[in-house]
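S.K.: following is a predicted model, sequence given first.
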Amino acid sequence: MKIARVSFNGNQEAHYDFLTDLRLKPGDIVVCDITGKMPAIARVAAVVDKSDKATKWIIQKVDMAKFKKKLAAVQEPDIDIFGDAEL
C-alpha cells in the first residue's frame, strides 16, 4: 500500500494524503473518498510510502486518454455552430 499526496482544483498548494493500492504517478487524475461528502476529483502531486495523515482512500484513477479518445469520437469538427446566422 502507498500514499497518494493530492491537490484539489482551486488550491494547488494544499496537499492531502490518501491511501491507495493503485499504480499512480504525479499528474494522474483520481477520484478521492472525502469524509461526509461526495467523492472529489484531485491531481496526484506525489506518491509516498508513509503518512500519519492518510485515513481515506483513492477510489479510482481517471483514464484521461480513454476519455479524450471517446470525446474525439463523438465530436464532429465540421459542424458550423453558427449556421446561417449573420455575425
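M.R.: Structure's in. What do you need? Residues are numbered from 1 along each chain as shown.
S.K.: is Ala54 in contact with Leu19, as I believe?
M.R.: Yes. Ala54 sits in contact with Leu19 when judged by CB atoms under 8 Å, with a separation of 4.9 Å. C-beta here means a position set from N, CA and C on the backbone, and glycine is covered the same way.
S.K.: okay, and the common contacts of those two?
M.R.: Counting by CB atoms under 8 Å, 6 or more residues apart in numbering, the common neighbours of Ala54 and Leu19 are Ile3.
S.K.: more crowded one of those two?
M.R.: Between Ala54 and Leu19, counted using other CB atoms under 10 Å, Ala54 has the larger neighbour count: 19 against 15.
S.K.: give the full set of residues in contact with that one.
M.R.: For Ala54, the contact set (CB under 8 Å, 6+ apart) comprises Ile3, Asp17, Phe18, Leu19.
S.K.: which one of those residues has the most neighbours?
M.R.: Counting neighbours by other CB under 10 Å, Phe18 leads those with 24 neighbours.
S.K.: hang on, the earlier thing: got CSV for the contacts of Ala54, with secondary structure, distance to Pro26 and pLDDT too?
M.R.: As requested, the contacts of Ala54 are exported to CSV (DSSP: H, G, I helix; E, B strand; the rest coil; distance: CB to CB, whole Å; pLDDT from 0 to 100):
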residue, secondary structure, distance to Pro26, pLDDT
Ile3, strand, 13, 98
Asp17, strand, 14, 98
Phe18, strand, 14, 98
Leu19, strand, 17, 98
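S.K.: tell me which two in the residues you listed are the farthest apart.
M.R.: Greatest spatial distance among the contacts of Ala54 (CB to CB): Asp17 and Leu19, at 8.0 Å.
S.K.: no further queries at this time; thank you.
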